[in-house]
Each structure stands twice: as structure tokens, then as C-alpha cells.
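just to be clear, the model below is a prediction. Sequence and coordinates:
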Amino acid sequence: MTATADTDHFRRRLLEERKRVADAIDNIHAENPGSIGDETEELTFQDNHLGDVATATFDREMASTLEDNSTHLLAEIDAALARIDDGTFGTCERCGNPIGAERLEALPWATLCIEDKRKQERG
Ligand SMILES: [Zn+2]
């Protein structure tokens, strides 16, 4: 079976997300570290009252982690866009089954179906 995903829809989603991530990386560079609060959904801030030096170190590490994550995500988004172009978008890389629509909606750059993802996470 070929994937029947609505690729136009996902292409738009991916391009929007790509812009958001690219902007986030620009912000990290521009404000390093500064206020990066808007782009940190996946990171959990803890409201510790660290000393100034510790805070600066913490912020720098946070910005670095954020940049690593963002750069990684950008690569995944680009790969997903390439899969749309070559017609394999929405197909699990491991088992070749379609990736569920709900999963793609939540994570348009997903490369594995939920079952293989779980297997991968279990190691
Ligand atoms: Zn699979």
C-alpha cells in the first residue's frame, strides 16, 4: 500500500514548523542566551534560584541544548519534506506500514510507526 497521507497538508505543516524552528535558532544566536522562553515547550524549566554565575552557565547550556535539539529537528523536517517529494512520506522506515494519521498530525516528521517507535524506545 502506498501512503494516502494528505501530503499538501503535511508539506504546509512541515514548512511552517521549519520556519518556526529556524526562527528559534536565529533567536538563540541573537540572544544567546537571553530570553528564550517562548521556544522551550519540550524543555522543563525549574524555577530554581541559582546564583548569577550558575544561572549564566545554566542559560548557556540551555541555549546549547536548545540549539542542538532545534538543529536536529530541522534535519528531521527537511528529511520529511524530501520524503514527501519522493513519495515515501507517511511510511514507516522499518516495517513499511503506513504511519497512523494521528501520529503524523502530532509529529509530521515521524519516520517510524508507533509500534516500531515503542520498540526503539525500549531499545
Ligand atoms: Zn513500523
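Thanks, I have the structure now. Numbering: from 1, shown residues only.

dump stretch 16-24 to CSV, restricted to CA.
Output of stretch 16-24 as CSV, limited to C-alpha atoms (Å, rounded to 0.1, in the frame of the first residue of the first chain):
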residue,chain,number,x,y,z
GLU,A,16,5.5,26.2,9.0
GLU,A,17,7.3,24.2,11.6
ARG,A,18,10.6,24.5,9.7
LYS,A,19,10.2,28.3,9.8
ARG,A,20,9.4,28.3,13.5
VAL,A,21,12.5,26.2,14.3
ALA,A,22,14.7,28.2,12.0
ASP,A,23,13.5,31.4,13.8
ALA,A,24,14.1,29.8,17.1
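
how about the spatially most central residue of the chain: what's its closest non-neighbour residue?
For the chain, the residue sitting closest to the mean C-alpha position, by Cα atoms, centre = their mean, is residue 73 at 3.7 Å. Excluding its sequence neighbours, the residue lying closest to residue 73 (Cβ to Cβ, 6 or more residues apart in numbering) is residue 21, at 5.3 Å. (Each C-beta comes from the backbone N, C-alpha and C, glycine too.)

mind listing what the one you found touches?
Residue 21 sits next to 70, 73-74, 77 when contact means Cβ atoms under 8 Å, 6 or more residues apart in numbering.

ok so, going back, so for the residue nearest to the centre of the chain, what's the pLDDT?
In the predicted model, residue 73 carries a pLDDT score of 96.

on the three-state scheme, it is what?
Put simply, residue 73 is helix when judged by DSSP: H, G, I helix; E, B strand; the rest coil.

element containing the residue nearest to residue 73, please.
Taking DSSP states H and E as the criterion, residue 21 maps to helix 7-31.

what comes up buried for the lowest-mean-pLDDT helix or strand in the chain?
Scoring the helices and strands of the chain by mean pLDDT, DSSP states H and E places helix 52-86 at the bottom, with a mean of 91. Buried residues in helix 52-86, defined by neighbour count with 16 or more other Cβ atoms under 10 Å: 58-59, 62-63, 66-67, 69-70, 73-74, 76-77, 80-81, 83-84.
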